[in-house]
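1. Here is the input, now give the coordinates:
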Amino acid sequence: MKTAIQYLFFSVLILFSAYSAGAGSKQANTETPYTLIKSVGDQLFIDIGKLKDLDEDKKRTELKKLVSAQLMPHIDIKFVSFKLLGKHVREVKREQAVSFIDAVEQYLTGTYANVLMSYKGQEVRFIEPVLNSKSKFASVKSEIVEPGAPSIDIVFKFRKNKKGEWQVYDLVAESISLLNAKQKEIVSRISEVGIDKVTNELITKS
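-> Have a look, this model is predicted:
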C-alpha cells in the first residue's frame, strides 16, 4: 500500500502530464486550473511508454529528462522553496537562497522520476470546483481510482503567478500537506546543520 506522501507525488505527475500537453498555448493565461487539467493529453505517459524496453538505470535517467522538460516548468519552485525555508527565510544570504532553490528543483525532479518508475496506468478523476475569479489561489479536488484499493482524495493547490499562469505549489492527501510536511523536516534540519548542509543533502538525494 502506498503512503499518502507517495500518492501526493504520484498525483502531481498525473496533473503535470496534462500541463505538458497545453504548455505554450496562447490561451494558457485565461484557463482555470480545472480546464487545464481537463484539456489534457497523455503526452507524458506516451513518452514513458517508449521507455519500457530500457533497463532500470537508463529508464530512470530518461525519466529525469522528461520530468525536467515537461513537469518542472509548471511547479512554482521559488514560492515552494521559500515556504520550505520557513522561519529561516530571512536569515539566508542571496547566494544560499539561489543554491537552495536549485537543490529543491533537482530533488523534486529525482523524486518524481522515481515515482514514475512504478506508474501502471492508475485512473485519476478531477472534480470541477467553484472558483473566485479574482483570487490568485485555487484548489482542485481529484480521486485516484485503482482496482482492489480504496479511492484516495487529493487536493491540488494552485497559485497564479505574475504572468497570470497557474502553477501548483502544494498537494493535500488524507489531510496531509506535502508542503507542510516537508517544511517541518527542512526547517528542523536547517536548525541542526545549517542551510548549506541541507542544500547539499537535497542534491545528494536527487
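2. and His144, what helix or strand is that in?
-> Heads up, residue 144 is Ile, not His. According to DSSP states H and E, Ile144 maps onto strand 137-145.
3. what's the distance between that strand and the middle of its chain?
-> Remark: strand 137-145 is offset 13 Å from the chain centroid, using CA atoms, centre = their mean, to the nearest Å.
4. mind listing what's buried in whichever helix in the chain runs longest?
-> As assigned by DSSP state H, the longest helix anywhere in the chain is helix 94-116. By 16 or more other CB atoms under 10 Å, the buried positions in helix 94-116 come out as 96-97, 99-101, 103-116. The C-beta positions use only the backbone N, C-alpha and C, and glycine is treated the same way.
5. and it, what's its mean pLDDT?
-> Average pLDDT, helix 94-116: 89.
6. burial measure for Leu178, as a count.
-> By the criterion of other CB atoms under 10 Å, Leu178 has 23 neighbours.
7. Could you double-check that Tyr169 lies in contact with Phe82?
-> No: counting by CB atoms under 8 Å, Tyr169 stays clear of Phe82, with 10.4 Å between them.
8. Please identify which helix or strand holds Lys184.
-> Assigned by DSSP H and E, Lys184 falls in helix 178-193.
9. Just list what whichever helix or strand comes after that helix packs against, helices and strands only.
-> Next helix or strand after helix 178-193 toward the C-terminus (DSSP H and E): helix 195-205. Secondary-structure packing of helix 195-205 (3 or more CB pairs under 8 Å, 6 or more residues apart in numbering; DSSP states H and E): helix 94-116, helix 178-193.
10. do that again at 6 Å, thanks
-> Here helix 195-205 touches helix 94-116, going by 3 or more CB pairs under 6 Å, 6 or more residues apart in numbering; DSSP states H and E.
11. report the angle between the axes of the helix it packs on and helix 178-193?
-> 130 degrees (axes from the mean of the first three to the mean of the last three CA atoms, to 10 degrees).
12. Report the strands that pair with whatever helix or strand comes next after helix 94-116, each with its relative direction.
-> Downstream of helix 94-116, the next assigned helix or strand under DSSP H and E is strand 123-127. Using DSSP bridges, the strands paired with strand 123-127 are strand 137-145 (antiparallel).
13. buried ones in the strand it pairs with?
-> For strand 137-145, burial by neighbour count (16+ other CB under 10 Å) applies to Ala138, Val140, Ser142, Ile144.
14. From Ala181, how far off is the residue lying closest to the last one once chain neighbours are set aside?
-> What that stands for is Ile144. Nearest non-adjacent residue to Ile144, counting by CB to CB, 6 or more residues apart in numbering: Ile152, 4.4 Å away. Using CB to CB, to the nearest Å, Ile152 is found at 16 Å from Ala181.
15. go on, Pro150?
-> With CB to CB as the criterion, Pro150 and Ala181 are 21 Å apart.
16. Looking at those two, which one has more neighbours?
-> Neighbours per residue (other CB under 10 Å) separate Pro150 from Ala181, with Ala181 holding more: 14 against 9.
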